[in-house]
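Novice: Just need the structure, nothing else, for what follows:
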Amino acid sequence: MTLRDSIRIAVLDMYEGMPNEGMRGIRQLIQEFTADSHLPVTFDIFDVRLNCEVPGTDYDIYISSGGPGSPIDSEGSLWERKYFTLMDALHAHNANHPQEKKHVLLICHSFQLYCRYYGYAKVTKRKSTSFGVMPVHKTDEGMHEPLFRSLNDPLWAVDSRDYQITDPNLTKLKNRGGSLLALEKVRPHVHLDRAVMAIRFDEAFIGTQFHPEADAPGMRMYLLREDKKDLVIQKHGEKKYWEMLEHLGDPDKIMATYHAVVPRFLMMGLQTQLSSVVS
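Specialist: Purely as a prediction, here's the structure:
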């Protein structure tokens, strides 16, 4: 990369053509980052699951979105083979060019796929859907994570999943230089493992089970839908539903997460690319 080039971001759309707020949030955050940084930033969107579109390794930063369906049933599909060929290539690039690492953010469905494929944790179907504005608890390592450092513990985020990640392979993570960053809330009345909510795999790769790209307007629209309202009330009760709507107006909850995680991820990727130019 030279100083006259733009910072190139590849967005991997994993929604398979389904209507969603995730891609809107990602586009909006990139546009806000571009305006704030006053630097030439461009981004391209690749429809991975619907059209088998996968970028090469010539981008500087990669964001892989959430998406519907099973992160298990797609094993062996053409789009998944192409997706992990890209991930393997990015791993190889980062190993061979440690001063020019490509930064990768894996969100929700992408995070589950990555953990399953590379054996970093167990991925299973939940007994029931988790959906809403939820507290996410940092681990000791998560307290020092640059993307989370300014956020409260627990931080608050949008959770929307039918599957979960449990039983992380901490030895494998440590050997790569990674760490477990966050877990779901403690549920003493439920005799199940706490799901993993975020992992830093190494200096450049990070994944979150929650949706850091979710903002209050988009989440309010979802919660006001009758099917989502019924789901939350059935799972958590009517009082919790109205509390979730109230949380959306609190700047220290999901809007704090929205303004911290993805912008700082983009800034870390940008700093790596600018450092490589200067050196």
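
Novice: secondary structure class for Leu266?
Specialist: Going by DSSP: H, G, I helix; E, B strand; the rest coil, the secondary structure assigned to Leu266 is helix.

Novice: quick one: the closest residue to it other than its chain neighbours from Arg200, how far?
Specialist: Nearest residue to Leu266 in three dimensions, chain neighbours excluded: Phe33, at 4.9 Å (CB to CB, 6 or more residues apart in numbering). All C-beta spots, glycine's among them, are computed from the backbone N, C-alpha and C. With the distance defined as CB to CB, to the nearest Å, Phe33 ends up 20 Å from Arg200.

Novice: Likewise for Pro217?
Specialist: Using CB to CB, one gets 29 Å for the distance from Pro217 to Arg200.

Novice: what about these two, which has more around it?
Specialist: Here Pro217 and Arg200 are compared on neighbour count by other CB atoms under 10 Å; more neighbours surround Arg200, at 22 against 12.

Novice: Show the pLDDT at the more buried one.
Specialist: pLDDT, the model's per-residue confidence, is 98 for Arg200.

Novice: ditto for Thr272
Specialist: For Thr272, the model assigns a pLDDT of 83.

Novice: when you give positions from now on, start the count at 5
Specialist: In the new numbering, first residue 5, that becomes Thr276.

Novice: State whether it is indeed within a helix.
Specialist: Yes: under three-state DSSP, Thr276 falls within a helix.

Novice: Quick check: it touching Val108?
Specialist: No: at 11.7 Å, Thr276 and Val108 do not qualify as touching, with contact defined as CB atoms under 8 Å.

Novice: So which of those two has more stuff around it?
Specialist: Set side by side, Thr276 and Val108 show more neighbours around Val108, with 27 against 18, by other CB under 10 Å.

Novice: Downstream of the helix or strand where the more buried one lies, the next helix or strand is which one?
Specialist: Element membership for Val108 (DSSP states H and E) is strand 107-111. Towards the C-terminus, the helix or strand next in line after strand 107-111, according to DSSP H and E, is helix 113-122.

Novice: Quick one: residues in contact with stretch 142-161.
Specialist: Under the contact criterion CB atoms under 8 Å, 6 or more residues apart in numbering, stretch 142-161 has outside partners 137-141, 183-187, 189, 201-202, 204, 210, 212, 214-216, 218, 251, 254, 256-258, 260-261, 264-265, 268-269, 272.
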